[in-house]
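>>> here is a sequence together with a model predicted from it:
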Amino acid sequence: MKGLVSSAATILLVSFVLLFINLQLENKHGRVGKDTITVYNWGEYIDPELLKQFEEQEGIKVIYETFDSNEGMMGKIEQGGTSYDISVPSEYAVQMMEQKDLLLPLDFDKIPNIKNIDPYFMNLAFDPQNKYSIPYFWGTLGIAYNPSLLDGQTFESWESLWDASLRQKVILVDSAREVLGVALNSFGYSLNSTSLQELKEATDKLETMGPNVKAVIGDEVTQLMINNEASVALTWSGQAADMISENEDIDYIVPEEGSNLWFDNIVIPRTATNIEGAYKFINFMLDPEVAAQNAEYVGYSTPNVKALSFMDEEITEDERFYPDEEAREHLEVYKNLGLETLGVYNELFLKFKMGLR
Amino acid sequence: MGKLSSLPRIYLALVFVVLYAPIFYLIYYSFNSGGGMSNFESFTLEYYQAVFQDTRLLIIVMNTIIIALLSALLSTTIGVIGALAIYFMKNKSMRQTVLSLNNILIVSPDVIIGASFLILFTLIGVKLGFASVLISHIAFSIPIVVIMVLPKLLEMSTSLVDAALDLGASRRDVLTRVVLPYIKPGIFAGFFLALTYSLDDFAVTFFVTGNGFSTLSVEIYSMARTGITLTINALSGLIFVITMVLVLGYYIIGNKTKSPNQGVKR
Amino acid sequence: MKNNPLRFVYAVPYAVWMLLFVLAPIAVIVYYSFFDLSGNLTLGNYRNFFSSIYFKLTMSSFWYAFLITFFSLLISYPTAYFLTKTKHKRLWLLLIIIPSWINLLLKTYAFIGLMGLYGPINGFLETIGIGSQQILFTDFSFVFVSVYIFIPFMILPIFNSLDKINPTLLDASKDLGASSWVTFKRVVWPMTIDGVKSGVQVVFIPALSLFMITRLIAGNKVITLGTAIEQQFLVTQNWGMGSTIAVFLIIFMFLIMLLTSGKEKGASANGKTK
């Protein structure tokens, strides 16, 4: 008994000492200031230097919280309980949040830097007139491949993923719309198809790719490609950029049949309490030099056209990550298809995964 | 007890090698100037420096440890109480039902636990942050403690308790002098596994946290999309080494003073 | 100790916990399971569960959970047994648990590296002449890493029950001419059955709902009920269907508890003979 009590006392003591140290640290860090905003973003999706710069410039402390999926983030914002002033959902999530009335409309008068955004990326179908959102980063979906592991094979078309030579080599992303989208694109159907007939055709075709599939995974694919562990992967351009920066053998293409164009967007959720601070933050992030620095840190493509001149030409002239307008014509942005259809996509995808061996 | 012969030694060594292999792998690459967990380029300490420069990360680490210690402590207390309650239940089917209910949180996927706790907290108006995370961690660690403590109670012969009572011991004495010392290994097992549960949890914490409060797991998982930095490897290496030093130090000190509880055991 | 109405007063914290964090969430889940996407009352989710795809999923979940539990036990029992014979057994036991305090996602990434085509394991296979193998994204890697995760949970209860066995008992058995195998079967095993049962419960039950590992290590070639629930809640946002699968998971758990409790009488009787 004595042993138990003294152990418990030790644990309590240690906890309180740590708690004390923590409070000291937080004071030093200035987390308990008066004027604060809470930014809710993907992990490692902003240059932390910029947060410091913003804090010094505007005198507003930034509390930075992170999420790992749009759906998780939406769940938290919907349930309330925390006051997030800024969030960064993907385009379909913007639409969902709008439908659930989770977003505040934006007042452009408070965001003069909005003029820096390429008009091409404004007024898109998922948010007409940019009523609720401003693009933060954008990119495409394509094939990352390593010719040195594939006897120099290159890719132009989705069809190549069905090549018999790729047995047990293809890595797919664990996401229903992307994978079904490959088959839909290869038939020339829309990525936003809701036709059961088209979806069935797509799934049937996908099933014939089964023997080529090595794994269906998530972000881990980056590490696998860099290590030469995998040679072909269906992946987003941001991750492809990460791969290429670590392993020069890797190349990335957007297949000629067309593909998906994605956006992550800054929004002000309904939970916001410091709306003025949120506007200041948005305007700050849209500053050309800030956006340039952020894009170089994160490695994704920025929609901030003025920022491009502050960036390395080698990056901004790379057609793989900054495709010209003509190339973008084949790309399609996801629409929110509604939960019913999303369910169909996911059920078909689950069936496909269950058939893998 | 007798010494181990060589075959069991090799077996144990093998088990330990496997258990520690991934950790040493992580630590090895925390010195990689190449920036990733492959292709070791050259030795660097820059990630260790980065750990100490990142106040936000340090605060998160502290939070994680505080939550783990406190939640393990409190869940162990409540779990022991629960195990005792189950043990003293006369009705066998009642006991079985309670035990099954006890295990529900172990079988439930984290998303469900997280989502339902979030609903609960917002309903009763708990502010999301330290308190809500602590309560959740206590809640999902209780069942593992019960499962660890109960078999010790069951194998304790009832005659032991009866004899003590016959000798005039008060119920309180029976509990503190007979029962608790007997089930102590189970209590410690429960505590350590509760620590494991708390340190490992991502999904539940993600749902119930807020207002700037974060734990290491949440931080690491949300880095996955853009890639986990080697700073995290360095941090894990540090945590690992510190834990080892503490455990070994505690053990050596405990052995030197020859704790009195050693005598109780037999 | 009998007939005191306040006998269970001390159990209040546990009872409150059970009410708030077990019974209330179950009620919510059962409630949700009767609603479809547009919020209409329906039994469709239950019908859907018995469709071939979820049935297949259940079967494969059980199969893998069985494999994981079996191998965990196979490895943990001797480990726990040998540990009780070491000089600093408490310390060694602690050293079994410490690795589980390092973040699981990180360790999983380490496993991806270790098991990779150019990782140390394949390097070893290469040098001993077997040649490099695809280890990742196979049943083997999945079961291996799962067993890795669960081993401390299996070892601890077994260790605790082994540790209490009085060595004189074993000597007595030996003196009476019993072989080691008979001693184990008749003396050691019955006395540790409660520990083994605890271990099986804390491995088999969560193994049914493993996720993350199914993607990172098995490349989604293994899908468990847990993964399916995860998907329904987060991706498809069909809370009704997700809840329905969860209801079944809970029912399965009750069944497992019922099955493993069958022998309780015998075991505690054995314990008493001590």
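Yep, it's here. The shown structure was predicted, so the numbers you read here are calculated from the model rather than taken from an experiment.
>>> going by C-alpha atoms from here, please, whenever you check contacts or count neighbours.
Fine.
>>> how about the helices in chain A?
Counting by DSSP state H, chain A forms helices over residues A:2-29, A:48-58, A:70-79, A:91-99, A:176-187, A:196-207, A:221-226, A:237-246, A:275-285, A:288-298, A:313-316, A:325-328, A:338-354, given from the N-terminal end onward.
>>> any idea how far the second one is from the middle of the chain?
The gap between where helix A:48-58 is centred and where its chain is centred comes out at 23 Å by CA atoms, centre = their mean, to the nearest Å.
>>> elements contacting that helix?
Helix A:48-58 makes packing contacts with strand A:61-67, helix A:275-285 when contacts are defined by 3 or more CA pairs under 8 Å, 6 or more residues apart in numbering or on different chains; DSSP states H and E.
>>> let's see that with 6 Å instead.
Secondary-structure packing of helix A:48-58 (3 or more CA pairs under 6 Å, 6 or more residues apart in numbering or on different chains; DSSP states H and E): no helix or strand packs against it.
>>> can you list the domains in chain C?
Listed by the TED database, the domain ranges of chain C are C:13-50+C:224-260, C:56-100+C:137-223.
>>> tell me how many other residues surround B:Thr196.
If you count neighbours by other CA atoms under 10 Å in any protein chain shown, B:Thr196 ends up with 23.
>>> go on, A:Val14?
Neighbours around A:Val14, by other CA under 10 Å: 16.
>>> list the buried residues for the helix or strand in which B:Ser75 is found?
With elements taken from DSSP states H and E, the one containing B:Ser75 is helix B:55-87. Residues of helix B:55-87 classed as buried: B:55-86 (neighbour count, 16 or more other CA atoms under 10 Å in any protein chain shown).
>>> off-centre distance for it?
Relative to the chain's own centre, helix B:55-87 is displaced by 7 Å; criterion: CA atoms, centre = their mean.
>>> from A:Glu256, how far off is the residue lying closest to A:Ser190 once chain neighbours are set aside?
In space, and not counting its chain neighbours, A:Ser190 is closest to A:Leu184: 6.5 Å by CA to CA, 6 or more residues apart in numbering or on different chains. The span separating A:Leu184 from A:Glu256 equals 13 Å under the rule CA to CA, to the nearest Å.
>>> mind saving the C-alpha coords of stretch B:186-204 as CSV?
What follows is the C-alpha trace of stretch B:186-204 in CSV, where atoms were taken according to Å, rounded to 0.1, in the frame of the first residue of the first chain:
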residue,chain,number,x,y,z
GLY,B,186,-2.1,-5.9,-11.8
ILE,B,187,-2.4,-2.2,-10.8
PHE,B,188,1.0,-1.4,-12.2
ALA,B,189,0.3,-3.3,-15.4
GLY,B,190,-2.9,-1.3,-15.7
PHE,B,191,-1.1,1.9,-15.1
PHE,B,192,1.5,1.3,-17.7
LEU,B,193,-0.9,0.2,-20.4
ALA,B,194,-3.0,3.2,-19.6
LEU,B,195,0.1,5.3,-20.3
THR,B,196,0.4,3.5,-23.6
TYR,B,197,-3.2,4.1,-24.5
SER,B,198,-2.9,7.8,-23.7
LEU,B,199,0.4,8.4,-25.5
ASP,B,200,-0.7,6.6,-28.6
ASP,B,201,-4.1,8.0,-29.0
PHE,B,202,-4.7,10.3,-32.0
ALA,B,203,-8.4,10.1,-33.1
VAL,B,204,-10.1,10.7,-29.8
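>>> from the chain's centroid, how far away is that stretch?
Between the centre of stretch B:186-204 and the centre of its host chain there is 2 Å, according to CA atoms, centre = their mean.
>>> how about that stretch, does it reach chain A?
No - judged by CA under 6 Å from any CA of the partner chain, stretch B:186-204 makes no contact with chain A; its nearest approach is 8.9 Å.
>>> not counting sequence-adjacent ones, nearest residue to C:Ile223?
Take C:Ile223 and drop its neighbours on the chain: the residue closest to it by CA to CA, 6+ apart is C:Thr214, 6.2 Å away.
>>> okay, and that neighbour sits in which element?
Assessed by DSSP H and E, C:Thr214 sits inside helix C:213-216.
>>> please apply the same query to B:Pro8.
Counting by DSSP H and E, B:Pro8 is found in helix B:6-29.
>>> list the buried ones in that helix?
Residues B:8-9, B:12, B:15-16, B:19-29 are the ones in helix B:6-29 that count as buried (16+ other CA under 10 Å).
>>> what does stretch C:151-171 give?
Using 16+ other CA under 10 Å as the test for burial, stretch C:151-171 gives C:151-165, C:170.
>>> what about these, which are in helices?
Helix and strand membership here follows DSSP H; of these, those in helices are C:151-163, C:170.
>>> which strands or helices does the lengthiest strand in chain A pack on?
Scanning chain A for the strand with the most residues, using DSSP state E, yields strand A:133-145. The helices and strands touching strand A:133-145, judged by 3+ CA pairs under 6 Å, 6+ apart, are strand A:232-236, helix A:237-246, strand A:251-253, strand A:259-267.
>>> ok, back up a step: for the helix holding B:Pro8, give the mean pLDDT please.
Confidence over helix B:6-29 (mean pLDDT, whole number) is 94.
>>> that helix near chain A at all?
No - figure legend: helix B:6-29 not in contact with chain A (CA under 6 Å from any CA); closest approach 13.4 Å.
>>> ok, then the element right after that helix?
helix B:46-53.
>>> okay, that following helix in PDB with CA atoms only?
Included here for helix B:46-53 are C-alpha records, laid out as PDB according to Å, rounded to 0.1, in the frame of the first residue of the first chain:
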ATOM      1  CA  GLU B  46      20.400  20.100 -36.600                       C
ATOM      2  CA  TYR B  47      17.200  18.300 -35.800                       C
ATOM      3  CA  TYR B  48      18.000  18.100 -32.100                       C
ATOM      4  CA  GLN B  49      18.700  21.800 -32.200                       C
ATOM      5  CA  ALA B  50      15.400  22.400 -33.900                       C
ATOM      6  CA  VAL B  51      13.600  20.600 -31.100                       C
ATOM      7  CA  PHE B  52      14.900  23.000 -28.500                       C
ATOM      8  CA  GLN B  53      14.200  26.000 -30.600                       C
END
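>>> could you list the buried residues of that helix?
Of the residues in helix B:46-53, those buried under the neighbour-count criterion (16+ other CA under 10 Å) are B:Tyr47, B:Tyr48, B:Ala50, B:Val51.
>>> quick one: residues in contact with it.
Contacts with helix B:46-53, where a contact means CA atoms under 6 Å, 6 or more residues apart in numbering or on different chains, come from B:Thr231, B:Ala234.
>>> off-centre distance for it?
If you compare the mean C-alpha spot of helix B:46-53 with that of the full chain, they lie 27 Å apart, counting by CA atoms, centre = their mean.
>>> give me the mean pLDDT for that helix.
Averaged across helix B:46-53, pLDDT comes to 92.
>>> measure B:Leu58 to chain A for me?
The span separating B:Leu58 from chain A equals 8 Å under the rule CA to the nearest CA, to the nearest Å.
>>> what's the nearest residue to residue 103 if we skip its chain neighbours?
Chain wasn't specified; assuming chain A. Distance criterion CA to CA, 6+ apart; nearest residue to A:Leu103, sequence neighbours excluded, is A:Pro269 at 4.4 Å.
>>> that answer is for a different chain, and I need it for chain B
By the measure of CA to CA, 6+ apart, the closest residue to B:Asn103 outside its immediate chain neighbours is B:Pro143, 5.8 Å from it.
>>> is it true that the one you found touches B:Ile104?
No - the pair B:Pro143 and B:Ile104 does not pass the contact test of CA atoms under 6 Å, sitting 8.3 Å apart.
>>> who has more neighbours, those two?
When neighbours are counted by other CA under 10 Å, B:Pro143 comes out ahead of the other of B:Pro143 and B:Ile104, with 30 against 24.
>>> three-state assignment of the more buried one?
Classification of B:Pro143 using DSSP: H, G, I helix; E, B strand; the rest coil returns helix.
>>> do you know the pLDDT at it?
Listed pLDDT for B:Pro143 reads 94.
>>> contacts for stretch C:101-118?
Taking CA under 6 Å, 6+ apart as the criterion, the residues outside stretch C:101-118 that touch it are B:Pro22, B:Thr196, B:Asp200, C:Gly119, C:Pro120, C:Ile121, C:Ile135.
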